[in-house]
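# Dropping the sequence and predicted coords here.
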Amino acid sequence: MEKRPCRVLIGRRELDARVEELARRITEDYRGRDLVMVGILKGAFVFLADLVRRVELPLEVDFVAVSSYGKETQTSGVVRVIKDLDIDIRGRDVLLVEDIVDTGLTLDYLARMLRQREPASLEICALLNKPEARKVDIEVRYCGFDIPTLFVVGYGLDYAEHYRHLPYVGVLEEGSEAREGA
Ligand code: IMP
Ligand code: MG
């Protein structure tokens, strides 16, 4: 399965340049504030690692791990929290970092859950965004790339846990079963 060919959609240099740009904006926007960057596992681990190393501010890093109920392609909107934050975010400036926003249901759920803890602010940063797939209106303050409604892998994103390590974002060639792995 690892051998399935993957067409490059966003190459490493393009990713690099965009991550740099997002980090520059975050650095400007969060100067003098109390930044906690929260990666959503597992998909955001590569993006978050690249991003935090370019933000030139004091910050803390934490993670949440979630999974959607069921194995269907479509997120049900009911999210199971597998690992919660270690850090108390009350009164702090939280930036949620996600790999991709598809229907938006996952982030909508998580953002609501975290807002109940009364952070000073809570914004969303996502590497990829599929605007056409959106089911709930969520504001993505920092967005890397808008992409069409395609199933993509690499740079943290998986298909059935494979391909996360690819240094680029790609589209699996052949077969429609690739859409079943969300
Ligand atoms: P949403 O709740 O529909 O926005 O789904 C978001 C989650 O679905 C992401 O965090 C990914 O884990 C997964 N996902 C959505 N689209 C893709 C994709 O194209 N490739 C890999 N995972 C995806
Ligand atoms: Mg994910």
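Good, I have the coordinates. Ligands and ions are numbered 1, 2, ... in the order given.
# contacting residues for residue 46?
For residue 46, the contacting residues are 155, 156, 164, by Cβ atoms under 8 Å, 6 or more residues apart in numbering. Placement of C-beta: from N, CA and C, glycine included.
# before we move on, what about residue 85?
38, 62, 63, 64, 114.
# 10 Å - rerun?
36, 38, 62, 63, 64, 94, 114, 117 (Cβ atoms under 10 Å, 6 or more residues apart in numbering).
# Just to check, the second one is in contact with residue 107?
By that I understand residue 38. No - using Cβ atoms under 10 Å as the test, residue 38 is too far from residue 107 to be in contact (11.4 Å).
# got the residues of the protein near ligand 1?
For the chain, the contact set with ligand 1 under Cβ under 6 Å from any ligand atom comprises 43, 75, 98-106, 151-153, 157, 182.
# On the three-state scheme, residue 43 is what?
Under DSSP: H, G, I helix; E, B strand; the rest coil, residue 43 falls in the coil class.
# For burial, what's the neighbour tally of the nearest residue to it once chain neighbours are set aside?
The shortest distance from residue 43 to any non-neighbouring residue, by Cβ to Cβ, 6 or more residues apart in numbering, is to residue 99 (3.5 Å). Residues lying near residue 99 (other Cβ atoms under 10 Å) number 26.
# ditto for residue 66
Around residue 66 there are 19 residues (other Cβ under 10 Å).
# And it, what's its pLDDT?
Model confidence at residue 66, expressed as pLDDT, equals 90.
# now swap in the one 3 residues further on and tell me
At residue 69, the pLDDT value in this model is 62.
# Specify the local secondary structure of the residue most central in space within the chain.
The residue lying closest to the centre of the chain (Cα atoms, centre = their mean) is residue 98, at 1.5 Å. Applying three-state DSSP to residue 98 yields a three-state assignment of strand.
# Just give me the longest helix of this protein.
Looking across the chain with DSSP state H, the single longest helix is helix 12-29.
# Need the residues that contact it.
Against helix 12-29 from outside (Cβ under 10 Å, 6+ apart): 8, 10, 35, 37, 46-47, 49-57, 59, 93, 95, 97, 121, 123, 125-127, 141-145, 154-155, 166-169.
# mind redoing it with 6 Å?
For helix 12-29, contacts defined as Cβ atoms under 6 Å, 6 or more residues apart in numbering pick out 50, 51, 54, 55, 56, 57, 142, 144, 167, 168.
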